[in-house]
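> Fold the following for me, if possible:
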Amino acid sequence: MMRDSRSRGLWFTGGSLVVLLVVGVAGCAMSAGPEGDDGGLEIATASTLTEGFETGTKTAYAAADVTLASGVWNMNDALLGNLSSDVKTGTQAARIRNSGRVTMRFDRSSGAGTVTIHHASFGTDASGTWGLFESQNGGATWTQVGTSKATTGGSFSTATFTVNLAGTIRFDIRKLDGGSNRIDFDDITVTDFAGAGAALSVHTTLGIPAPTSTGDPSAFLSVKSGYVISYNSGRKVPNWVSWELNTSYLGAIDRQDDFRPDDTLPPTLPQAQLSDYSGSGFDRGHMCPSADRTLTTASNSQTFYLTNMVPQSAHNNRGPWARMESDLRVIAGTGKELFIIAGGVFTGSSGTIGSGVSVPDKTFKVAVVLDAVGQGTANVTTSTRVIGVMMPNSDALISQSADWRDFRVSVDAIEAATGDDFLSDVDPAVQAVIESRVDNL
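Numbers count the residues shown, from 1 in each chain. Purely as a prediction, here's the structure:
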């Protein structure tokens, strides 16, 4: 965990199309928590939160907590309106006047992607203005999400807010105009935070380790069906390769051995050639292994692009590295879901082979083991197994018979060596625990 999830952004470009994914909320205003906030110790974990204000009773505007279907909410200068002049989906809606607010007293543990709210003026009341606020510290401080909304007319309009924040979070709806006009709110829906990684590819579900784009030759983004690469054309090797592993990728297809340059990259980007490895003393070392992609001939062949490889010492590649790959496939075979990232560690003294193909000083791998196929960031907890290794990339420094477990390190150590930010879409509080721990299973 190396960067604030609120400010992490990423450009993906292709042709004339440019899409900006920003993880976080820009231009937000900070404010103090509601008076008397109790910190809200309860945490809700449902994948989608909905609140229709159909349960509970509150007929006065005085501040008080009320238990609703989703949890306990505080309603201050607000009540549950059930009059004919209330605009509502069922029998009740939340009605707010003056500078009132309706506030969650509990946290969601799986962050928030979007929040959708229906809003309308009560009866024939004048137009009003309101805003949505979020807190990630139990209601101690609040940040406005997006811009303020105007409510006009006695029928529902829909307001959708893009939040995109990981970790624990709660929300607060505030009337901002201060007038005696009243506004009805109903049908609140909060979705889980999926993250920039999941938006890019299933293979980066837990996050994108470092900025990458199709406009950066030193971090060229290549999204393939079987894995995702950040390719460094200066070094002619990947910065990192990220992929999902479960039984759906495993079959009986033979190894294709069709090593070749990557014809999916622009021809202007320098790449390693087969001749660079010939006689170099280094293996063409897969990052996403061939044996992780044996369901189809095409998926196996895709792993033989040289952009998926680094010059790897024979003792490293054929010894502990290969045995770790095999052990991870055994874990996947038990029904687990794995997300894996691999690459090289480079320094100013790193050597080269051939026509300038950089040789990493070490190879690294980070593997996250989840309990079931289809799980993602919301399922990563402080108990999740995370395996990190860094192995010397020199036959003089590593034995082919070595146990890969002897090279286990924390994810924090790999981040310090590479400058990457692994598991960047996982709850930062969870990251702090699992990234500091060295696997010992």
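> any low-confidence regions in the protein?
For the chain, the stretches with pLDDT under 70 are 1-47.
> at 80 what do you get?
Within the chain, the ranges that satisfy pLDDT under 80 run 1-47, 110, 164, 166-167, 193-195.
> Mind giving me the packing neighbours of the lengthiest helix in the chain?
With secondary structure taken from DSSP state H, the chain has its longest helix at helix 320-332. Applying 3 or more Cβ pairs under 8 Å, 6 or more residues apart in numbering; DSSP states H and E, one finds that helix 320-332 makes contact with strand 237-245, strand 337-345, strand 362-370, strand 385-392. C-betas here are computed from N, CA, C, even on glycine.
> And the strands in the stretch 101-250 of the chain, which stretches?
Per DSSP state E, counting those that start in this stretch, the stretch 101-250 of the chain carries strands over the ranges 107-108, 112-121, 128-135, 141-151, 157-165, 170-175, 183-191, 220-223, 228-232, 237-245.
> and these as TSV, adding distance to Ile414?
TSV is the format used below for those (distance: least, Cβ to Cβ, whole Å):
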stretch	distance to Ile414
strand 107-108	30
strand 112-121	28
strand 128-135	31
strand 141-151	32
strand 157-165	25
strand 170-175	33
strand 183-191	31
strand 220-223	21
strand 228-232	15
strand 237-245	10
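> Quick check: which of these is nearest to Leu397?
Set against Leu397 and scored by Cβ to Cβ, the strands of the stretch 101-250 of the chain come closest in strand 237-245, at 19.4 Å.
> Buried residues of the next helix or strand after that closest one, list them for me.
Next along the chain after strand 237-245, taking DSSP states H and E as the criterion, comes helix 274-277. Buried residues in helix 274-277, counted by 16 or more other Cβ atoms under 10 Å: 276-277.
> Contacts for helix 274-277 next, please.
By Cβ atoms under 8 Å, 6 or more residues apart in numbering, the list of residues contacting helix 274-277 from outside reads 236, 259-261, 283-284, 306, 311, 353-355, 357.
> circling back: switch the helices and strands packed on helix 320-332 over to a markdown table; also include distance to Asn137 and mean neighbour count.
Converted to a markdown table, the helices and strands packed on helix 320-332 look like this (distance: least, Cβ to Cβ, whole Å; neighbours: other Cβ atoms under 10 Å):
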| stretch | distance to Asn137 | mean neighbour count |
| --- | --- | --- |
| strand 237-245 | 31 | 26 |
| strand 337-345 | 28 | 25 |
| strand 362-370 | 26 | 23 |
| strand 385-392 | 25 | 22 |
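> Would you mind telling me which of those strands is nearest Lys175?
Among the helices and strands packed on helix 320-332, strand 362-370 comes nearest to Lys175, with 41.9 Å by Cβ to Cβ.
> Run me through the strand neighbours of the closest one, direction for each.
Using DSSP bridges, strand 362-370 pairs in its sheet with strand 337-345 (antiparallel), strand 385-392 (antiparallel).
> How far does the last one sit from its chain's centre?
Same thing as strand 385-392. 20 Å (Cα atoms, centre = their mean, to the nearest Å).
> after it, next one along is what?
Using DSSP H and E, the helix or strand that follows strand 385-392 in sequence is helix 411-418.
> Buried by neighbour count: which residues of that following helix qualify?
For helix 411-418, burial by neighbour count (16+ other Cβ under 10 Å) applies to 411-415, 417-418.
> what's downstream of that helix, the next helix or strand?
For helix 411-418, the following helix or strand on the C-terminal side (DSSP H and E) is helix 428-434.
> and Asp161, what does it touch?
Check again: residue 161 is Phe, not Asp. Here Phe161 is in contact with 114-117, 132, 145-146 (criterion: Cβ under 8 Å, 6+ apart).
> Give me the buried subset of those.
By 16+ other Cβ under 10 Å, those give 114-115, 117, 132, 145-146 as buried.
> ok, back up a step: can you redo the contacts of Phe161 as JSON lines with distance to Asp187?
As requested, these are arranged in JSON lines below (distance: Cβ to Cβ, whole Å):
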{"residue": "Thr114", "distance to Asp187": "13"}
{"residue": "Val115", "distance to Asp187": "11"}
{"residue": "Thr116", "distance to Asp187": "7"}
{"residue": "Ile117", "distance to Asp187": "7"}
{"residue": "Leu132", "distance to Asp187": "14"}
{"residue": "Val145", "distance to Asp187": "17"}
{"residue": "Gly146", "distance to Asp187": "18"}
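> To which secondary structure element type does Ser301 belong?
Using DSSP: H, G, I helix; E, B strand; the rest coil, the structure places Ser301 in helix.
> So it sits against Gln256, correct?
Yes - between Ser301 and Gln256 there is a contact at 4.5 Å, judged by Cβ atoms under 8 Å.
> so who does Glu325 touch?
With Cβ under 8 Å, 6+ apart, Glu325 has these contacts: 289, 291-292.
> could you redo the last one with a cut-off of 10 Å?
Shown in contact with Glu325 (Cβ atoms under 10 Å, 6 or more residues apart in numbering): 245, 286, 288-292, 317, 340, 342, 365, 367, 404.
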